[in-house]
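Student: The sequence and its predicted three-dimensional model are supplied below.
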Amino acid sequence: MANRPILVVDDEEDILELVHYNLERAGYVCILAETGTEALDMAEKELPALVLLDLMLPEMDGFEVCAALKSDPRTARIPIVMLTARGSERDIVRGLELGADDYVTKPFSPKVLIARVGAVLRRQAAEGDSAGAPIRAGELVIRPDQRELTLDGAAVELTRSEFDLLTLLARRPGRVFTRAQVVDTLHGPGYPVTDRSVDVHVVSLRKKLGAHGDRIETVRGVGYRFRE
């Protein structure tokens, strides 16, 4: 992955230059696109390590580009970070539900942007490990193959839904999951579970995790994430 470039997509030349400069200064190789169709062409040709994607683009907007990338088996696993001035809850939720891994709102700090890009790339690399490998976060150890959770060395009993929810979040620490994504991932699309049911599972799980319950963070108006 280190040899694959980051694709930066934005129709503002000054933003492209700023992002390009800071990414290369941090050691990344960049390729640039200014329209949605150009971004798709370059993504299919170059298979970048990550796409940094503006939403307000000519020809195709960022939502359309994200949906197209995630629906194509060749590009579906490429992580996407949305970089946009459209920071409303509605836009953020829509982007995440289309498959974006993270978002950064404009105006942005270059240092924060580089940190978020690095975090997404690390999570992507970690996903190359076996799906059954133990997940460790301090004294919390999840063993997916055994469906076992230990906390400070002691076993913790969880329901099936609680265990699956914890594993989903902990496998990608820092990644925000919307409530709809949680339901779709655990039960499949169209499963009749309400957002409130997800919230109830989270409350119960936090209680069972005790002092470690604050690792499951609420992202107001969006969903949940596991604190790194």
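Tutor: Nice, I can see it.
Student: Contacts only, for L209.
Tutor: By CB atoms under 8 Å, 6 or more residues apart in numbering, the contact list for L209 reads 140, 151, 156, 215-216. Using the backbone N, CA and C atoms, a C-beta is placed for each residue, glycine as well.
Student: Just the ones of these in strands?
Tutor: 140, 151, 156, 216 (DSSP state E).
Student: can I get the residues you listed in TSV with distance to E13?
Tutor: Shown next, in TSV, are those (distance: CB to CB, whole Å):
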residue	distance to E13
L140	46
L151	52
V156	53
I216	41
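Student: Let's have the residues you listed in TSV, adding distance to E162, neighbour count and pLDDT.
Tutor: As requested, the ones in strands among the contacts of L209 are arranged in TSV below (distance: CB to CB, whole Å; neighbours: other CB atoms under 10 Å; pLDDT from 0 to 100):
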residue	distance to E162	neighbour count	pLDDT
L140	13	18	92
L151	13	17	92
V156	9	19	93
I216	11	19	96
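Student: Same question for stretch 103-119: list its buried residues.
Tutor: Buried residues in stretch 103-119, counting neighbours by 16 or more other CB atoms under 10 Å, are found at 103-104, 108, 113-114, 116-117, 119.
Student: just these now: which is nearest L165?
Tutor: Set against L165, the nearest of those by CB to CB is A119 (21.3 Å).
Student: Tell me how far the residue positioned nearest the centre of the chain lies from Y21.
Tutor: Most central in the chain under CA atoms, centre = their mean is D101, positioned 2.5 Å from the mean C-alpha point. Distance, D101 to Y21, by CB to CB, to the nearest Å: 23 Å.
Student: now the helices for the chain?
Tutor: Remark: helices assigned in the chain by DSSP state H are 13-25, 36-46, 62-71, 89-98, 110-126, 160-171, 179-187, 195-209.
Student: who wins for proximity to I135 among these?
Tutor: Ranking those by their distance to I135 (criterion: CB to CB) puts helix 160-171 first, at 4.9 Å.
Student: tell me what the worst-scoring helix or strand of the chain on mean pLDDT is packed against?
Tutor: In the chain, no helix or strand scores lower on mean pLDDT, DSSP states H and E than helix 179-187, which sits at a mean of 78. If contacts are counted by 3 or more CB pairs under 8 Å, 6 or more residues apart in numbering; DSSP states H and E, helix 179-187 sits against helix 89-98, helix 160-171, helix 195-209, strand 223-226.
Student: Quickly list what the residue sitting furthest away from the middle of the chain is bridged to.
Tutor: The outermost residue of the chain relative to its centre, with distances by CA atoms, centre = their mean, is A154 at 30.4 Å. A154 forms beta bridges with L151, as assigned by DSSP bridges.
Student: One more: A33?
Tutor: Beta-bridge partners of A33, as defined by DSSP bridges: V9.
Student: quick revisit: could you dump the helices and strands packed on helix 179-187 into JSON lines and include mean pLDDT and distance to D61?
Tutor: Below are the helices and strands packed on helix 179-187 laid out as JSON lines (pLDDT from 0 to 100; distance: least, CB to CB, whole Å):
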{"stretch": "helix 89-98", "mean pLDDT": "84", "distance to D61": "11"}
{"stretch": "helix 160-171", "mean pLDDT": "89", "distance to D61": "29"}
{"stretch": "helix 195-209", "mean pLDDT": "87", "distance to D61": "26"}
{"stretch": "strand 223-226", "mean pLDDT": "93", "distance to D61": "23"}
